[in-house]
Structure formats: C-alpha cells, structure tokens
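Asks: sequence first, predicted model second:
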Amino acid sequence: SDTVMTLGRSRTTVEIPEAERDSGYHRMTDGLRKQWGDAAVNAAFSLSDMPREAPALEGIVVDPRGFRWVSLFSPGTLHQAFDLFDSTGVYLGMIRPRWGRHQYVLAWGRDDIAVTGETEEGFPEITVYHVNRVESPR
C-alpha cells in the first residue's frame, strides 16, 4: 500500500446527454428549493453550471485480489461500466455488470461483489454476484 501504479488507456471524450444534465441539475436543486426558495436557488445555480463532458473516470476500487475497477460514465444505458485492470496494471477490457446504474457496490470480495438496491416495492435489497476471473495476457 506504499507504492504508486500508473495505468491507463486512450479515451474518447463523452458528452453528457442534455436530459441527464437536466436531471442532475434538478436532483441537486430540488431539495435546496424547499429550504431557500426558487428565487435564491435560481440566482445561485443554473443548468449551464452542469458539465457538458463526462469525467474520465468516476472512481477506482481495488478488490482483494488487486484488480483495479475504474468506474466510467456510460451514457444511454441504465448500467454502470468499468475499465478493468489486473494487479500489474494490464488492461483487461470494459465490463458492463448486470446491476443497474442506481444500484451501488456495498462490498468487494475476492470472488464476489455485494450490490445494494431496492426491490420494485421499494424495500432494500442486497444481491451478491460471483466474479468469473480470467488470466491476464502476458
């Protein structure tokens, strides 16, 4: 844990769809409107404040086996996407897991990933997915 690894791959800029920018703006401001009112929120925030391009990554998680899961913005889909690197930094490819975009990883195990979400009735739900590992090309 006291070393640094540099890894990467080429990237194409991804534009955030207008509907997603609008949705993000409203998620950010709707709660504020209840407390501060429309005039104050409209004076402080604007849809133009929302970025037009997605960041190169949303986060990095290192699982117990040392694989790097780099979460990516994935427009036009309900599912999250990850660039996956092995423990030595070799790029293994993009993964689109089965869980939805608004479900979140609760725990990363050696061979399993626990994901939290909600049932159709709105009850909390945890689903455990098994990770099928592949050997890194050398």
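Replies: Nice, thanks for sending it over.
Asks: contact partners of stretch 64-71?
Replies: 5, 7, 57-63, 80-87, 89, 92, 95, 108-110, 133 (C-beta atoms under 8 Å, 6 or more residues apart in numbering). Quick note: C-beta positions are derived from backbone N, CA and C, even for glycine.
Asks: list the buried residues of it.
Replies: Across stretch 64-71, burial judged by 16 or more other C-beta atoms under 10 Å covers 67-70.
Asks: so where do the helices sit in this protein?
Replies: For the chain, the helices defined by DSSP state H occupy 18-36, 38-44.
Asks: out of the ones you listed, the one nearest residue 114 is which?
Replies: Residue 114 lies closest to helix 18-36 among these, at 25.2 Å (C-beta to C-beta).
Asks: go through that closest one and flag the buried ones.
Replies: So helix 18-36, judged by 16+ other C-beta under 10 Å, has buried residues 21, 25, 29.
Asks: rank the helices of the chain by mean pLDDT and give me the bottom one.
Replies: Between the helices of the chain, the one with the least mean pLDDT is helix 18-36; it has a mean of 91.
Asks: remind me which residues of the chain are low pLDDT?
Replies: In the prediction, the chain carries residues with pLDDT under 70 at positions 1-2, 75-79, 101, 134-138.
Asks: repeat the analysis, applying 90 as the threshold.
Replies: Confidence mapping of the chain against pLDDT under 90 gives the ranges 1-17, 19-20, 23-24, 27-28, 31, 53-59, 71-82, 86-105, 117-122, 131-138.
Asks: hey, what's the residue most central in space within the chain bridged with?
Replies: The C-alpha lying nearest the average C-alpha coordinate of the chain belongs to residue 71 (C-alpha atoms, centre = their mean; 4.7 Å). Residue 71 has the following beta-bridge partners by DSSP bridges: residue 59, residue 82.
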